[in-house]
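Okay, sequence plus prediction incoming.
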Amino acid sequence: MNNRQQLVDTVDTVDIVVIAALKDELDFLFAKKEINWGEWIDLNHLSCKIGALSWSDSAQPLKIAATYAEGIGLVDTAILATNAILSWQQKPKLVAMIGICGGLKKSSIHFGDIVVPELTYLYQFGSYENGQIKSRLKTAEVNRQTKLITRMKNILNETKLKKIHKSAWDLRFNGEMNVPDPKDSNLKIHFGPMGAADLVVKDDQKIEEAKEVEEKVVAVDMESYAVLRTANDFGIDAIVIKSVSDLCGGKNDDFRKYAKFTATEAFYLLVKDLARGNYFERYEEILQQQLAVKDQRITQLEELFKTLLKGATGVDYTKLHDHLAAGEWKAADQETADRMLEVANRVKVNDKWLRQEDIDNFPCEDLRTIDQLWVHYSNGHFGFSVQKNIYIGLGGKRDDDQINHDQIWKEFKERVGWADFPNKFSFPEYDNTSVIVDRDKGFLPCAGRVVCTSTWGGLRILYFRVQTCRL
């Protein structure tokens, strides 16, 4: 079995998802010899490489998935981030975005400088008023990345930054990239607001728009807001680590490779620090604790549900619930009749019908349980309350000699799909599998099987009992 197949077969989740806007922004990450990368695979609408980082002889390797957007911009990135999170049986523990950004000339920022946004916002969000765009700040929540940013501040000290710069400077002599001379500029890291918009910024005026919204902005890009917003909505830790490849207002790709390199190195240092600090193991412990609490809560809810499935008389509606949940409509209909007879204590062979006094005194709690189960599992299609609304809507009343009850009964049978049964006291037979698709609203339950009085008025009495119980 080749390396790629081993990774695909054994990985049902990953520790880290790395996202880039463009494929080449992952080049230096894929060049990391410490990470055992597989080949590109397509997994649940996600094209990615999966790698394993062995950072300790005693610890499990970290599983990393790296992917990039098919196109630049907020929409493509939001879709990619969503797919990158949902493509695994368990959500990743960390989402990181690496790559390049544009720095602002007036913010003392230089080529290759690393930018980790403490706040990211849309600076072209707002309304169009009087011929002008009126900006309105729309920020992505960053509460989940506060600890990560604190760690970045501790990790990337001046010594580490100089080491990154020197590594890049050494690569420069192999003709691999342009690197600013360490004598002229020191590599720095900036923590501050980053603006995001669906455009490549080449105009100083657009930069002024960004700064107008947030004066302390240090850089702009086209993706950071989408990544942090998506990760936050899924409850996942996230961080954006980018480096300045050009200064906005003047496009210059001379230092693009250098920026990709510094962003990757900063990310890699963070990952190693998190691994040594047992971040991923503690994350797993916290996850297991949360799952344990969730399982306990589910058990409690199940017990509560079982309690609720017992009516005021102690009759158990579990079988009715199970039949309805499985779409076994015919069995559920018969179970409804049997349980109603049990509630009324009419289970003897010669007593299997409900009298008027049985209906008038039928406990509201039991009637509500039966009705809510039918309504819920039929998505509002069936239930006594559904039938009651149809009957009253046709002008039905409980006791009124001035109305034509037989005519209302005829119209009612047509509305609920019982008209094919000409006998006044007959109720329908039906195919269990096609009930929901083919039958009319209110077709079930067929309470007439047990509501058997001298006239069809038993149903009329039942519907007004339903009304009395406020169903």
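Okay, I see it. Residues are numbered from 1 along each chain as shown.

How is the chain divided into domains?
Domain assignment for the chain, taken from automatic domain parsing, gives 3-277, 313-468.

How far off centre is the shortest one?
Using Cα atoms, centre = their mean, to the nearest Å, we find the averaged C-alpha position of domain 313-468 to lie 39 Å away from the chain's own average C-alpha position.

Let's see the distance spanning it from one end to the other.
Length of domain 313-468, first residue to last, Cα to Cα, to the nearest Å: 19 Å.

quick one: average pLDDT of that domain?
For domain 313-468, the mean pLDDT works out to 80.

from now on call the first residue 347
Yep, numbering from 347; the last one is domain 659-814 now.

returning to that earlier point: residue 644: which of the domains of the chain is closest?
Taking Cβ to Cβ, domain 659-814 is the member of the domains of the chain nearest to residue 644, at 16.1 Å. (Glycine included, C-beta is placed from N, CA and C.)

who's in contact with residue 449?
Listed by Cβ atoms under 8 Å, 6 or more residues apart in numbering, the contact set of residue 449 reads 455, 456, 457, 459, 461, 564, 565, 590, 592, 593, 594.

Now it. Its backbone dihedrals?
Backbone geometry at residue 449, expressed as degrees, to the nearest 10, gives phi -90, psi 150.

so what's residue 380 scoring on pLDDT?
We have a pLDDT of 90 for residue 380.

With residue 688 as the reference, measure out to it.
Counting by Cβ to Cβ, to the nearest Å, the gap from residue 380 to residue 688 is 69 Å.

Next: residue 433.
Separation of residue 433 from residue 688 (Cβ to Cβ): 50 Å.

Likewise for residue 424?
55 Å.

Identify the residues contacting the helix or strand containing residue 731?
Following DSSP states H and E, one finds residue 731 within helix 730-739. Residues from elsewhere that reach helix 730-739 (Cβ under 8 Å, 6+ apart): 713, 716-717, 720-721, 726, 754, 758, 761-762, 787-788, 791, 793, 805-806, 808-810, 812-813, 817.

all strands of this protein, in order?
362-366, 381-383, 387-389, 392-399, 408-414, 440-449, 460-468, 472-475, 478-481, 484-486, 535-542, 565-567, 583-593 (DSSP state E).

picking up where we left off before, looking at residue 433 and residue 688, which one has more neighbours?
residue 433 (19 against 16; other Cβ atoms under 10 Å).

doesn't residue 392 make contact with that one?
Yes: between residue 433 and residue 392 there is a contact at 4.5 Å, judged by Cβ atoms under 8 Å.

so what's the residue nearest the centre of the chain closest to, chain neighbours aside?
Nearest to the mean C-alpha position of the chain, by Cα atoms, centre = their mean, lies residue 580 at 6.1 Å. Spatially, and ignoring its direct neighbours in sequence, residue 580 is nearest to residue 431 (5.2 Å; Cβ to Cβ, 6 or more residues apart in numbering).

wait, that neighbour sits on residue 363?
Yes: taking Cβ under 8 Å as the definition, residue 431 is a contact partner of residue 363 at 6.9 Å.

so what sits against both of the two?
438, 441.

pLDDT below threshold where in the stretch 347-496 of the chain?
The stretch 347-496 of the chain contains residues with pLDDT under 70 at 347-357, 402-405, 417-418, 451-453, 470-491.

Same list (the domains of the chain) but as JSON lines, adding distance to residue 645.
Formatted as JSON lines, the domains of the chain follow (distance: least, Cβ to Cβ, whole Å):
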{"stretch": "domain 349-623", "distance to residue 645": "21"}
{"stretch": "domain 659-814", "distance to residue 645": "16"}
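
Which of those sits closest to residue 642?
Closest of those to residue 642 is domain 349-623, at 19.4 Å (criterion: Cβ to Cβ).

just to revisit the earlier point, mind checking which of the contacts of helix 730-739 are buried?
713, 716-717, 720-721, 754, 758, 761-762, 787-788, 791, 793, 805-806, 808-810, 812-813, 817 (16 or more other Cβ atoms under 10 Å).

ok, back up a step: mind listing what the residue nearest to residue 580 touches?
Neighbour list for residue 431: 363, 437, 438, 441, 576, 577, 580, 582 [criterion: Cβ under 8 Å, 6+ apart].

Could you turn the buried ones of those residues into a ChimeraX selection?
Buried members of these, defined by 16+ other Cβ under 10 Å, are picked up in ChimeraX with:
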select :363,437,438,441,576,577,582
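
Which one of the contacts of residue 431 is nearest to residue 681?
residue 437 (39.9 Å).

Next, check the contacts of helix 730-739 against the helices and list the overlap.
Using DSSP state H, 713, 716-717, 720-721, 754, 758, 761-762, 805-806, 808-810, 812-813 are the members of the contacts of helix 730-739 that sit in helices.

Out of the residues you listed, give me the two with the largest separation.
716 and 754 (23.8 Å).

Helices along the stretch 447-596 of the chain, start to end?
Remark: helices assigned in the stretch 447-596 of the chain by DSSP state H, counting those that start in this stretch are 492-501, 504-518, 550-559, 570-579.

Could you dump the ones you listed into TSV and include distance to residue 411?
As requested, those are exported to TSV (distance: least, Cβ to Cβ, whole Å):
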stretch	distance to residue 411
helix 492-501	18
helix 504-518	24
helix 550-559	32
helix 570-579	14
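
Residue 375 is nearest to which of those?
Closest to residue 375 of the helices of the stretch 447-596 of the chain is helix 504-518 (Cβ to Cβ; 14.3 Å).

Contacts for the closest one next, please.
458, 460, 523-525, 527-528, 532-535, 604, 607-608, 611-612, 615.

what do you get if the cut-off is 6 Å, keeping everything else the same?
For helix 504-518, contacts defined as Cβ atoms under 6 Å, 6 or more residues apart in numbering pick out 523, 525, 528, 533, 604, 607, 608, 611.

Could you export these to TSV, including columns for pLDDT, neighbour count and distance to residue 465?
Below are these laid out as TSV (pLDDT from 0 to 100; neighbours: other Cβ atoms under 10 Å; distance: Cβ to Cβ, whole Å):
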residue	pLDDT	neighbour count	distance to residue 465
523	79	19	30
525	87	24	30
528	75	13	31
533	92	28	23
604	93	26	26
607	95	24	26
608	95	31	21
611	96	26	24
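
what's the first-to-last distance across stretch 425-444?
End-to-end distance of stretch 425-444 (Cα to Cα): 17 Å.

now that stretch, how far from the centre of its chain.
A distance of 12 Å separates the centroid of the chain from that of stretch 425-444, by Cα atoms, centre = their mean.

now stretch 573-591
16 Å.

pLDDT of it, averaged?
When pLDDT is averaged along stretch 573-591, the result is 91.

Now do the buried residues in that stretch.
Neighbour counts using 16+ other Cβ under 10 Å place 573-578, 582-591 of stretch 573-591 among the buried residues.

quick one: contacts of it?
365, 424, 427-428, 431, 437, 440-447, 449, 455, 457-463, 466, 486-487, 490-491, 494, 570, 601-602, 605, 608-609, 612-613.
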